[in-house]
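Student: need a 3D model of the following:
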Amino acid sequence: MSEDEKKANPEDRVQNDDSPLCEETAAGENRPRFTRAECKIAKTVLAVILLTGGAIYYRDCYLPGRLLETADRSFTEGDYGAAIDNYGKALEIKPRQGDTRFRMGYSMEKLGDYKGAMNEYEAHLKDVPDDKEALFRLGALYFDNNMNQDAFDTLRRARELGAPASADYMIGAAAENLGDGQAARESFMEAIRRSEGDAELLYVSSKALMRLGRYLEALDGFTEMGKFAASGDTRAFHASNAAKAMLGRPTDPARVIEPGAAFGSVALGETSGDLIADSNWGPPKQQVADGEHSVWGYGGNAEAPETLIYMENDAVIEIVSSANSFKTQDGLGIINFKEPKYAGRFDRWMAQMGDAVTLYRYVLKEGGLAFFTVGDLSSAVVYSGDMPLSTSYGNEWVKIE
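Tutor: Got it, this is the predicted structure:
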């Protein structure tokens, strides 16, 4: 057929076209061909499919990605309102988007929408149950909203995954509110142990132990806080004194007995000049000298001083006192040295004096501090060496055997 004939019959030209729609069979015969109208319809359908697929891709992939990019930028810049708006739009299209629900919850928390934040953290944790930070933040929100059991359970899981020590404090406070004093105590102590110098955490955890009546553990916490507190922060000092008072310990350093070292502010080895210069002692009420030995008396009256300071060659070698206000750092003093809780600290022996009087001497196992009791009278002795001087009867300069 000539070229002119082809042009005169467009349908035959389309049918005989070498396009894929007009392939020949193995026998050389043409397969059934599409008409021009059918071809247009096929192209239209194909175009619709391509356009629809593109629209789906745009909706499900491209658009959420752009929204998340915008939201993340706002999140990083601290524009949490804009972040929430774009995260919300992305989540409407595709509900599961990695950490999007966590960042959504964090943004809501920053803007004070705590209920919304809890909902988002909870949804995030359904997909990522071991997200330590999400567990910690959700548990803290539960705690702040008095949801004690939820806070206790969630924060314990966060702690197992390595949440910071503040989780221990909140676990303890939640347990305290739930009436579990033992769990509360253990968690507060763990907060102190893991505090890493966080003075505020040490303070609140130690105060909580005070509420539970755990005064010794609270004192340890306040003492630790004092090492890290900012200059001028006196809370650790005052709180420590409160704990000491509850433990029956002295709160005034000038009245602390140090076995083998000092009785209040007067130390073994000090001179008479040191005593006079010390505002807590000053000149004695009574002074007795015998060669290289001398005894200075303080308190009470000149005839019966409350405290006797023994010196040899002008150096303090022993202090004896019946003053009840002096105690060791752990609370052991004249007024309570015979309490059962202190019994294990002494080696005890007895000496007979005359026919009727029995003198009991109690010496700390480590030495340096002894207590004498005769009838209703008791005194404490601070000394160095193996044994104190015999200060109640006979020659006061003869060492106790």
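
Student: tell me the helix or strand right after the host helix or strand of residue 175.
Tutor: Element membership for residue 175, per DSSP states H and E: helix 166-177. Later in the chain than helix 166-177, the nearest helix or strand by DSSP H and E is helix 181-193.

Student: which of the residues in that next one are buried?
Tutor: For helix 181-193, the neighbour count (16 or more other Cβ atoms under 10 Å) marks 183, 184, 185, 187, 188, 189, 190, 191, 192 as buried. In this view, the C-beta of every residue, glycine as well, is placed from N, C-alpha and C.

Student: got CSV for the residues you listed, with pLDDT too?
Tutor: Formatted as CSV, the buried residues of helix 181-193 follow (pLDDT from 0 to 100):
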residue, pLDDT
183, 97
184, 98
185, 98
187, 98
188, 98
189, 98
190, 98
191, 98
192, 98
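
Student: taking the residues you listed, tell me the two that lie furthest apart.
Tutor: Spatial extent of the buried residues of helix 181-193 (Cβ to Cβ) is set by the pair 183 and 192 at 15.3 Å.

Student: one step back: which secondary structure elements does the helix holding residue 175 contact?
Tutor: Counting contacts by 3 or more Cβ pairs under 8 Å, 6 or more residues apart in numbering; DSSP states H and E, helix 166-177 packs against helix 132-144, helix 148-160, helix 181-193, helix 199-211.

Student: export the ones you listed to CSV and tack on distance to residue 112?
Tutor: Shown next, in CSV, are the helices and strands packed on helix 166-177 (distance: least, Cβ to Cβ, whole Å):
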stretch, distance to residue 112
helix 132-144, 11
helix 148-160, 19
helix 181-193, 27
helix 199-211, 22
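
Student: among those, which is nearest residue 234?
Tutor: With distances scored as Cβ to Cβ, the stretch of these nearest to residue 234 is helix 199-211 (11.6 Å).

Student: what's the following helix or strand past that closest one packed up against?
Tutor: As assigned by DSSP H and E, the chain's next helix or strand after helix 199-211 is helix 215-228. Applying 3+ Cβ pairs under 8 Å, 6+ apart, one finds that helix 215-228 contacts helix 181-193, helix 199-211, helix 235-247.

Student: how close does residue 239 get to residue 212?
Tutor: As judged by Cβ to Cβ, to the nearest Å, residue 239 and residue 212 stand 15 Å apart.

Student: more crowded one of the two?
Tutor: The residue with more neighbours, out of residue 239 and residue 212, is residue 239; 21 against 16, by other Cβ atoms under 10 Å.

Student: quick check: closest non-adjacent residue to that one.
Tutor: Distances taken as Cβ to Cβ, 6 or more residues apart in numbering put residue 222 closest to residue 239, at 4.6 Å, once the chain neighbours are dropped.

Student: now for that neighbour, how many residues are close by?
Tutor: Counted with other Cβ under 10 Å, the neighbours of residue 222 add up to 28.

Student: report the residue ranges of every domain in this structure.
Tutor: 1-32, 256-383 (automatic domain parsing).

Student: packed most tightly, which of those domains would that be?
Tutor: Most buried of the domains of the chain, by mean neighbour count (mean count of other Cβ atoms under 10 Å): domain 256-383, with a mean of 16.

Student: and the helix or strand hosting residue 86, how far out from the chain's middle?
Tutor: Assigned by DSSP H and E, residue 86 falls within helix 80-93. Averaging C-alpha positions (Cα atoms, centre = their mean, to the nearest Å) puts helix 80-93 35 Å from its chain's average.

Student: run a quick neighbour tally on the closest residue to residue 75 other than its chain neighbours.
Tutor: Nearest non-adjacent residue to residue 75, counting by Cβ to Cβ, 6+ apart: residue 83, 4.1 Å away. Residue 83 has 25 neighbours, counted by other Cβ under 10 Å.

Student: so residue 83 makes contact with residue 105?
Tutor: No - using Cβ atoms under 8 Å, residue 83 is not in contact with residue 105, being 11.2 Å away.

Student: if I look at the residue nearest to residue 159 when sequence neighbours are not counted, how far off is residue 158?
Tutor: Residue nearest to residue 159 in three dimensions, not counting chain neighbours: residue 167, with 4.9 Å by Cβ to Cβ, 6+ apart. Counting by Cβ to Cβ, the gap from residue 167 to residue 158 is 5 Å.

Student: please apply the same query to residue 75.
Tutor: From residue 75 to residue 158 the distance is 22 Å (Cβ to Cβ).

Student: who's in contact with residue 347?
Tutor: Residue 347 makes contacts with 363, 364, 365, as judged by Cβ atoms under 8 Å, 6 or more residues apart in numbering.

Student: please redo it, this time with the cut-off set to 7 Å
Tutor: Applying Cβ atoms under 7 Å, 6 or more residues apart in numbering to residue 347 gives the contacts 363, 365.

Student: list the beta-bridge partners for it.
Tutor: Per DSSP bridges, the residues bridged to residue 347 are residue 363.

Student: hmm, back to that, who touches the helix or strand just after the helix holding residue 86?
Tutor: Following helix 80-93 in sequence order, the next helix or strand is helix 100-110 (DSSP H and E). With Cβ under 7 Å, 6+ apart as the test, helix 100-110 has contacts from 68, 75, 80, 83-84, 87, 90-91, 116-117, 120-121, 123-124, 131, 134, 137, 141.

Student: try it again at 8 Å.
Tutor: With contact meaning Cβ under 8 Å, 6+ apart, helix 100-110 is reached by 68, 71-72, 75, 78, 80-81, 83-84, 87-88, 90-91, 114, 116-121, 123-124, 127-128, 131, 133-134, 137-138, 141.

Student: quick one: average confidence on it?
Tutor: Mean pLDDT, helix 100-110: 91.

Student: could you do stretch 246-260 as well?
Tutor: For stretch 246-260, mean pLDDT rounds to 92.
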